[in-house]
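Colleague: below is the structure, and that's it, no one-letter string:
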């Protein structure tokens with residue numbers, strides 16, 4: 001197989017597969033849900049298959065490999081940095097999925113800049129430009145993206161808390 005480096009939108013696509021319980025949606029439906037073109041989704045799945053994060057015969061996620069990549073590699077490959085304050089959608093430790101779990105450990109409440117957002121805080125560029133809009137349509141996907149941002153952006157404590165939650169959501173209880 002030809003080497004096809006992962007792109008940030010590939011992570012969005014594989015998280016969508018997890019959020020939907022790995023139901024095999026038509027590419028057109030996935031594209032609409034994610035705010036991407038059909039060809040972008042198809043190319044993302046091909047890259048995920050090349051990287052052995054998704055099976056080549058079906059769209060079944062290699063959950064252990066995906067978890068390992070998110071925890072150990074994602075923040076180095078697709079780093080997140082706080083930017084100028086913005087109005088947007090809460091992410092990382094400010095998102096509902098982590099509220100109350102990391103209270104007192106962080107001063108800032110990061111947001112994805114987005115016109116429909118009601119929170120204000122340091123802006124964080126999402127993994128892919130359409131991720132915030134896709135997260136607004138799917139609460140499971142929102143939780144996964146926020147947890148991934150905690151891994152990408154957080155200090156050791158936030159990363160540890162997010163990684164435990166991601167392990168349950170991606171790998172399961174065993």
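Modeller: Structure received. Small disclaimer: the values here were computed from a predicted structure and weren't measured.
Colleague: excluding chain neighbours, what is closest to residue 71?
Modeller: residue 163 (5.1 Å; Cβ to Cβ, 6 or more residues apart in numbering). Using the backbone N, CA and C atoms, a C-beta is placed for each residue, glycine as well.
Colleague: which element is that neighbour on?
Modeller: Counting by DSSP states H and E, the element that carries residue 163 is helix 156-170.
Colleague: now the residue positioned nearest the centre of the chain: how far from residue 39?
Modeller: What sits nearest the mean C-alpha location of the chain, by Cα atoms, centre = their mean, is residue 145, with 3.1 Å. Distance, residue 145 to residue 39, using Cβ to Cβ, to the nearest Å: 22 Å.
Colleague: and residue 131, by the same measure?
Modeller: 18 Å.
Colleague: would you map the strands across this structure?
Modeller: 82-90, 111-113, 119-124 (DSSP state E).
Colleague: name the residues that touch the helix holding residue 163?
Modeller: 18, 61, 63, 66-67, 70-71, 75, 92-93, 97-98, 101-102, 105-106, 143-144, 147-148, 150-151, 154 (Cβ atoms under 8 Å, 6 or more residues apart in numbering).
Colleague: got the contact list for residue 18?
Modeller: Contacts of residue 18 (Cβ under 8 Å, 6+ apart): 61, 63, 66, 140, 144, 169, 170.
Colleague: could the residues you listed go into a markdown table alongside pLDDT, neighbour count and distance to residue 124?
Modeller: As requested, those are exported to a markdown table (pLDDT from 0 to 100; neighbours: other Cβ atoms under 10 Å; distance: Cβ to Cβ, whole Å):
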| residue | pLDDT | neighbour count | distance to residue 124 |
| --- | --- | --- | --- |
| 61 | 93 | 19 | 25 |
| 63 | 95 | 17 | 26 |
| 66 | 96 | 24 | 21 |
| 140 | 97 | 16 | 20 |
| 144 | 98 | 25 | 15 |
| 169 | 96 | 18 | 20 |
| 170 | 95 | 21 | 21 |
